[in-house]
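J.: Sequence first, predicted coordinates after that:
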Amino acid sequence: MIRIIAGRYGRRVIRTPSGSSTRPTSDRVRESLFGSLGALIALDGTAFLDLYAGSGAIGFEALSRGAERVTFVERDGEAVKIIRDNARALGAESACRVESVSVARFLGRPSAESVDVVFLDPPYAQSVDEDLRSLVANGWVSEGSVVVVERDTRSAEPVWPDELEPTTQRSYGETVLWYARVGAS
């Protein structure tokens, strides 16, 4: 179990999947992530996409801090059930969309509308380069959208499509967050 750090659900506890199939982002990294995001985009009213969602901690933190809606994408059945249970326990079901599908399959279809913030936290050994290309190619992001990738500090920087302009990176112990923004076309 972990706690939501701040906002309307601050200090509320959410469940996490058991075992090692997911790796929840630490409190320190989540706090830093949302501090950094606040300098790039106002979260109030945003559409947030939590890819490789695990327990949904990042997406629920975004909702707590003002995001209007969050789409959670997770293929692990136990994790999907926990995300739905957490949304119900928080009373946030109407603001949550849970997609029980692989990220590649989800991003492989065209988006009806772009999102404002995308967070990707795949298994550290897995590349995100194709995910980033799909985000751009299929209309998931548009001018001003922010994309954040969580990786192990030993991982190489993602290969950003031309439309995504890297802005910064921040390291926290064994974790690094890479930030990029969609520039003007």
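T.: Structure's in. What do you need?
J.: Can you report how many residues lie near the closest residue to Glu78 other than its chain neighbours?
T.: The shortest distance from Glu78 to any non-neighbouring residue, by CB to CB, 6 or more residues apart in numbering, is to Pro17 (5.0 Å). In short, each C-beta sits where N, CA and C put it, glycine included. Neighbour count of Pro17, defined by other CB atoms under 10 Å: 20.
J.: Nearest to the middle of the protein, which residue? Look it up for me.
T.: Geometric centre of the chain, nearest residue: Phe119, 2.6 Å, by CA atoms, centre = their mean.
J.: quick check, it in a helix?
T.: No - under DSSP: H, G, I helix; E, B strand; the rest coil, Phe119 sits outside any helix and is assigned strand.
J.: Next up, the contacts around the residue nearest to Glu78.
T.: Gly54, Ser55, Asp76, Glu78, Ala79, Ile82 (CB atoms under 8 Å, 6 or more residues apart in numbering).
J.: you'd agree the second one is up against Ile14?
T.: Yes - under the criterion of CB atoms under 8 Å, Ser55 is in contact with Ile14, at a separation of 6.2 Å.
J.: Find residues that contact each of those two.
T.: Common neighbours of Ser55 and Ile14 (CB under 8 Å, 6+ apart) are Ile2, Asn86.
J.: Might you specify the subset of the contacts of Pro17 located within helices?
T.: Glu78, Ala79, Ile82 (DSSP state H).
J.: Let me have those in CSV, extended by pLDDT, distance to Leu177 and neighbour count.
T.: Shown next, in CSV, are those (pLDDT from 0 to 100; distance: CB to CB, whole Å; neighbours: other CB atoms under 10 Å):
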residue, pLDDT, distance to Leu177, neighbour count
Glu78, 92, 26, 13
Ala79, 93, 21, 22
Ile82, 94, 23, 22
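J.: Pick the one among these closest to Glu165.
T.: Nearest to Glu165 among the ones in helices among the contacts of Pro17, counting by CB to CB, is Ala79 at 31.6 Å.
J.: Buried ones in the top strand by length along the chain, by neighbour count?
T.: For the chain, the longest strand by residue count, based on DSSP state E, is strand 141-152. Buried residues in strand 141-152, counted by 16 or more other CB atoms under 10 Å: Val141, Ser145, Val146, Val147, Val148, Val149, Glu150, Arg151.
J.: Mind listing the strands it pairs with, and their directions?
T.: Here strand 141-152 has these sheet partners by DSSP bridges: strand 115-120 (parallel), strand 175-182 (antiparallel).
J.: what's the pLDDT at the nearest residue to Ile14 once chain neighbours are set aside?
T.: Nearest residue to Ile14, sequence neighbours excluded (CB to CB, 6+ apart): Asn86, at 4.4 Å. We note a pLDDT of 96 for Asn86 in this prediction.
J.: Fine by me, we can end here.
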